[in-house]
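Enquirer: here are the coordinates; sequence isn't available:
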């Protein structure tokens, strides 16, 4: 299986011996040895995956990198975090996914109104199986643990990814004060309940909620 | 003259009497002691002939001569800085990536076409770096700028390294470079992997690669 390691916090090195990884299109910065780059049709599994991707807008352009040697990946100097999956499912925005083990399955998941408030659309990408994945964040991400006793509330703009058995719902802090223009600036939050991990970045995307 | 890394975006140089160093215009952040900064209209050393060479080659980034005694802090536009120490070998780097370098280093320009022939020239065009590059040779330290941090990848005769032309920063050693293409019919119909051109570096030395595909 391909080995993922971080070289600094912004470059991902993947050691491969005949195996393959799926990576964001154009994210290779250097390689040694022998590598082949192939664009994957629609970035999903089969025609069905392609169609869903087209429809949902969670369209990642993904390439398959296969070979012997080391391949280095980076994307616009964003911070990279390694996630180890052991048969679990990781939910991540397509734009934040840099590279996954070829053995991991990617799919799309309906997020409902949460996605819309986040400015990310109504769908999110899922990564499932056993292997490693590399996700990107604006600044180094923190991993926050959620347990039954301690639910977690996150700013939609700072949310990057989550894994584990978590339920999420959107909370609104919109009151009559918000309407008067005296809101707290945190009109929407996502609340996570259950057992799992949430990746949060030290930066906020521009969201609809940010204007409220 | 060594550079001391203060953090990833700032370096400190110690200037001693009788020694000088060159820096890019506007790169001085602060200094202590008695230090003089003179604009270098020739854009480096080597007299009139090499100045003309640089003008023609479009590698004439305005430089400042730094002399005196004291310490100077350098940094530019929040770019990441990498200090490269040369021990008699040649560093190949774009002039606009040079932050500061030891005055004892010999500066020159190299025609890209002289390495790799026509492909060398195509390389300059593809990478947007033009047909010429700056060379620095000798014993001393060079501070180069990059977007988002740099990794050093060793090149050995057994293991040539391929680099994305946009992520390439500099290289040193006895290295040949050529542009390799992975262009297939897929790329022509707009279904490429996004990695159509690569810079192939072979020989022995090292290449510096930045964590971004953005130019400075």
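Expert: Great, that's in hand. None of these values were measured; they are calculated from a predicted model. Numbering: from 1, shown residues only, chains lettered A, B, ... in the order given.
Enquirer: which residues does the most centrally placed residue in chain A contact?
Expert: For chain A, the residue nearest the mean C-alpha position is residue A:92 (2.8 Å; CA atoms, centre = their mean). In this structure, residue A:92 makes contact with A:124, A:125, A:126, A:127, A:133, A:135, A:160, A:161, judged by CB atoms under 8 Å, 6 or more residues apart in numbering or on different chains. In this view, the C-beta of every residue, glycine as well, is placed from N, C-alpha and C.
Enquirer: counting contacts, what elements does the helix or strand harbouring residue A:198 pack onto?
Expert: Secondary structure assignment for residue A:198, by DSSP states H and E: strand A:188-200. Counting contacts by 3 or more CB pairs under 8 Å, 6 or more residues apart in numbering or on different chains; DSSP states H and E, strand A:188-200 packs against helix A:113-118, strand A:142-146, strand A:152-154, strand A:159-172.
Enquirer: Nearest to the spatial middle of chain B, which residue is it?
Expert: residue B:93 (2.5 Å).
Enquirer: My guess is it contacts residue B:137. True?
Expert: No. Contact criterion CB atoms under 8 Å: residue B:93 and residue B:137 do not qualify, at 11.7 Å.
Enquirer: For residue B:32, give me the pLDDT.
Expert: The per-residue pLDDT reported for residue B:32 equals 92.
Enquirer: Apologies, that question was intended for residue B:111.
Expert: Taking residue B:111 on its own, its pLDDT is 69.
Enquirer: One more: residue A:86?
Expert: At residue A:86, pLDDT is 92.
Enquirer: Next one: it from chain B, what distance?
Expert: 28 Å (CB to the nearest CB, to the nearest Å).
Enquirer: in chain A, which spans are helices?
Expert: Using DSSP state H, the helices of chain A run over residues A:46-56, A:113-118, A:176-179, A:208-211.
Enquirer: ugh, wrong one, I meant chain B
Expert: Using DSSP H, helices in chain B cover B:47-57, B:117-127, B:185-188.
Enquirer: Point out where chain A drops to low pLDDT.
Expert: Scanning chain A for pLDDT under 70 picks out the ranges A:41-60, A:110-123, A:173-187, A:206-212.
Enquirer: partners of residue A:128 in the sheet?
Expert: Note on residue A:128: beta-bridge partners by DSSP bridges are residue A:89, residue A:105.
Enquirer: Oops, could you answer that again for residue B:178 instead?
Expert: With DSSP bridges as the rule, residue B:178 is bridged to residue B:200.
Enquirer: wait, it sits on residue B:197?
Expert: No. With contact defined as CB under 8 Å, residue B:178 does not count as touching residue B:197 (11.0 Å).
Enquirer: Excluding sequence neighbours, find me the nearest residue to whichever residue of chain B sits closest to chain A.
Expert: Nearest residue of chain B to chain A: residue B:148, at 2.3 Å (CB to the nearest CB). Closest residue to residue B:148 apart from its sequence neighbours, by CB to CB, 6 or more residues apart in numbering or on different chains: residue A:77 at 2.3 Å.
Enquirer: neighbours around residue 103, how many?
Expert: Just going to use chain A. Close neighbours of residue A:103, defined as other CB atoms under 10 Å in any protein chain shown, add up to 16.
Enquirer: not what I meant, chain B
Expert: 16.
Enquirer: Which residue comes closest to it once chain neighbours are left out?
Expert: Leaving aside its chain neighbours, residue B:103 sits nearest to residue B:20 (3.9 Å; criterion: CB to CB, 6+ apart).
Enquirer: Would you enumerate the residues in contact with residue B:156?
Expert: Neighbour list for residue B:156: residue B:204 [criterion: CB under 8 Å, 6+ apart].
Enquirer: For it, list each beta-bridge partner.
Expert: Residues in beta-bridge contact with residue B:156 (DSSP bridges): residue B:159.
Enquirer: That one and residue B:202, how far apart?
Expert: Plainly put, residue B:156 is 9 Å away from residue B:202 if you go by CB to CB, to the nearest Å.
Enquirer: circling back to that earlier point, wait, doesn't the residue nearest to residue B:103 sit right on residue B:69?
Expert: No. In this structure, residue B:20 is not within contact of residue B:69 by CB under 8 Å, at 11.3 Å.
Enquirer: Settle it for me: which of these two has more neighbours?
Expert: Looking at residue B:20 and residue B:69 with other CB under 10 Å, you find the greater number of neighbours at residue B:20, namely 19 against 14.
Enquirer: who touches the more buried one in this structure?
Expert: B:65, B:66, B:67, B:103.
Enquirer: Among those, which one has the most neighbours?
Expert: The contacts of residue B:20, ranked by neighbours (other CB under 10 Å): first place residue B:66, 26 neighbours.
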